[in-house]
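Undergrad: fold the stuff below for me.
(4 chains)
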2 protein chains.
Amino acid sequence: MFFAGGGMELTERKLKILQAIVSDFIASAEPVGSRTLSRRYGMGISPATIRNEMSDLEELGYLTHPHTSAGRVPSDRAYRLYVDSLMDRFELPDDEKARISEQLTRDVTELDKTIMRAAGLLSEITRLTSFAITPKQGENRLRYINILPADPDTVVIMIAAESGKIKNTVLKIKVPYTDEALSLLSKSMTYSYRGKTISDILTMDIIRNFETDIEAMSRLAANIIPNFMATLESMLDIDLYMDGLTNIFSIPEYNSLEKAKMFLEMLNRKDSFTDVLVNRDEGVIITIGNENKDDMMHDCSLITATYHIDGKLVGKLGVIGPTRMNYDKVTSVIEYMTENLSSAFEFSPG
Amino acid sequence: MFFAGGGMELTERKLKILQAIVSDFIASAEPVGSRTLSRRYGMGISPATIRNEMSDLEELGYLTHPHTSAGRVPSDRAYRLYVDSLMDRFELPDDEKARISEQLTRDVTELDKTIMRAAGLLSEITRLTSFAITPKQGENRLRYINILPADPDTVVIMIAAESGKIKNTVLKIKVPYTDEALSLLSKSMTYSYRGKTISDILTMDIIRNFETDIEAMSRLAANIIPNFMATLESMLDIDLYMDGLTNIFSIPEYNSLEKAKMFLEMLNRKDSFTDVLVNRDEGVIITIGNENKDDMMHDCSLITATYHIDGKLVGKLGVIGPTRMNYDKVTSVIEYMTENLSSAFEFSPG
DNA sequence: GTTAGCACTCTTGTTAGGCGAGTGCTAAGC
DNA sequence: GCTTAGCACTCGCCTAACAAGAGTGCTAAC
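TA: All right, here's what the predicted structure looks like:
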């Protein structure tokens, strides 16, 4: 590396060749040789010259040799360069745009279903495996708490957040209650927690708060509050949706049982995969091969983008596939979809 | 077939041999030959005799020949016989029973999570692909409808069924409302529909019902009822959970990409798979290979059992795998799990 | 600096031969 | 007449050998 061909650098021509190699390899999945290159891309240079250039590019770390006499294959570094500066911006065809908008703005009251539709559409368009996560709810603020009578010994706790997300649980309680007591408790709790974030409430010493009231009320609260907390905590769960898992069977990179198995098993560990996603930055993020921290993703690329609910809460949408993927098209699609989601959820549910 | 060896029938010895073959093949996944059979199972008969018997069994349709000089493999018919009369009842070890009970009776307020845990546990124990569906809600009866104020222009519709299942949606409405009007509408709707099944309500001419009231009320109802109906309809959706999909990679039957792909793609069509499950009878049902109507399942076996909510609503739990599976153990596990689920949900959520 | 030519390398596909497991048949034994 | 030993035969599978094809790297000429 240090002595690598004094002064050898990425000339205009080298870049052009590199771009051709990456494009060709992305399209064909076959190592590309000098002859093919000079034939297919009329660049007025002979195979021999190209060979020399390729040899330089290899020394610079942009190309690899699967074995002595095969064509060249782009390295992660080449893909990185390609993504950063070589590839053209891909403009989505109008009909595809229309289809996406239509699917994502229809019936948005149920966030989960819309997100599932987004993942489904994304895998269908990209022919890769797609995924989506719902927003972290920690920063979501409580709007109201409503505790409703159901049966003589059953109440329903209903928690609504500012984003519109609502969650309820059914609870059997041991102490008798009156509708007025429930209503009072609801109002009192709403008064105390309205506008606070879920995370904040979860760290507060809630039981204590309600001990000061009248005796009967206090007992009722003691029954209800643990369940309230549990429900609140479950609102923090991030849901992960995936689609197009079987798409990998049509991708040459996963043409062996061993590799397909590894891939599917990696995605099957939903918790750790969710962690990976949660920890990515906002905006459109592309990580290529070894750039992924997780060992099991060393020959995958991951593209994610963020969508927003109400301009605040952040969810993510993306694809995972072999490092050889159509970065330009995939990126455009994901970007367009998250934009659509964000505007669909501008003042809306969560 | 017609002239097949006049009077040839399943003697005691043939049954014994057949049982040995099925057991051995289930355990080893390798065609079993006469020599192995006579050696491994001390049945005091020489390989040659066994060969004759096997030849008869083949003619009777219980065995197959993958090719001329391989051992014998049980046919679907043999598995059917095995399941019906040859196999021993498998008694689950106590620790496994304890584990199942513990997992399935803990924290049963959320049906969905319990069902997911059941599927997870089932695939873990059987090393197969498991699935579970939530009950059909059509026969579930409505307990109450509650329409709650949220924002000046937003209400929450909450529908509770007798089984304990609760569903809510957020709805932006165009007409102004008062809390009293909502409360009145809730009571009125509850009064009208309490005790009726969801299916029945969905076929009623609901809008008409509420037109006779006072003017303002009628307008409010007109705004809310379509959404109410949509929510009610969504309560009918059956959820399908699967687990252990990647288990198939350790099963010899799916040792080719082609077959693994077929299998996963079949399960990926959730709608049609759900249909298959919904249409099966109650109780423990085993269908083997060609007994499955669906072409894609012709070399799979499917075992399902039903669990009950409140003694009425019916959900299902089961596994799918190659026809060569441990019918005895798998059946016991599924049966034990559904029994546990049913008793956990005896007077409970849904 | 570029290119033609050529030897060399490495993968892939095909073919042939040997091995092992298992059957089916025949003839001998009980 | 059922059971068994013996033996020829059939396949699938593994390995080695070989040819074809694609591509490189180097050298020498332009």
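
Undergrad: where does the stretch 51-200 of chain A get nearest to DNA strand D, residue-wise?
TA: residue A:69 (3.7 Å; C-beta to the nearest atom of the strand). From N, CA and C alone the C-beta is placed, and that goes for glycine too.

Undergrad: how near is that residue to chain B?
TA: Distance of residue A:69 to chain B, given as C-beta to the nearest C-beta, to the nearest Å: 27 Å.

Undergrad: count of residues packed around that residue?
TA: Neighbour count for residue A:69, taken as other C-beta atoms under 10 Å in any protein chain shown: 8.

Undergrad: ok but it is inside a strand, no?
TA: No: if the criterion is DSSP: H, G, I helix; E, B strand; the rest coil, then residue A:69 is coil and not within a strand.

Undergrad: ramachandran coordinates for residue A:167?
TA: phi -140, psi 140 (degrees, to the nearest 10).

Undergrad: wait, it sits on residue A:235?
TA: Yes: the criterion here is C-beta atoms under 8 Å, and residue A:167 meets it with residue A:235 at 5.2 Å.

Undergrad: any common contacting residues for these two?
TA: Common contact partners of residue A:167 and residue A:235 (C-beta atoms under 8 Å, 6 or more residues apart in numbering or on different chains): residue A:159.

Undergrad: which pLDDT value goes with the closest residue to residue A:334 other than its chain neighbours?
TA: Of all residues not flanking residue A:334 in the chain, residue A:305 sits nearest, at 4.7 Å (C-beta to C-beta, 6 or more residues apart in numbering or on different chains). Residue A:305 is assigned a predicted lDDT (pLDDT) of 98.

Undergrad: check whether residue A:305 sits in a helix, strand or coil.
TA: Look at residue A:305: counting by three-state DSSP, its state is strand.

Undergrad: what's the local residue count around it?
TA: By other C-beta under 10 Å, 23 other residues sit near residue A:305.

Undergrad: again with the one 4 residues further on
TA: Other residues within reach of residue A:309 by the criterion other C-beta under 10 Å amount to 26.

Undergrad: give me the phi and psi for it.
TA: phi -110, psi 120.

Undergrad: for chain A, which helix is longest?
TA: For chain A, the longest helix by residue count, based on DSSP state H, is helix A:215-234.

Undergrad: which elements pack onto whatever helix or strand comes next after it?
TA: Next helix or strand after helix A:215-234 toward the C-terminus (DSSP states H and E): strand A:240-243. Counting contacts by 3 or more C-beta pairs under 8 Å, 6 or more residues apart in numbering or on different chains; DSSP states H and E, strand A:240-243 packs against helix A:111-126, strand A:129-133, helix A:270-278.

Undergrad: touching the first one from outside, list them.
TA: I take that to be helix A:111-126. With contact meaning C-beta under 8 Å, 6+ apart, helix A:111-126 is reached by A:96, A:99-100, A:103-104, A:107-108, A:129-132, A:134, A:165, A:239, A:241-244, A:247, A:309, A:315, A:317, A:319, A:321, A:325-326, A:329-330, A:333-334, A:337, A:341, A:344-345, A:349-350.

Undergrad: and stretch A:84-104, by the same measure?
TA: A:15, A:18-19, A:22, A:114, A:117-118, A:121, A:125, A:326-329, A:331-333, A:336-337, A:340-341, A:344.
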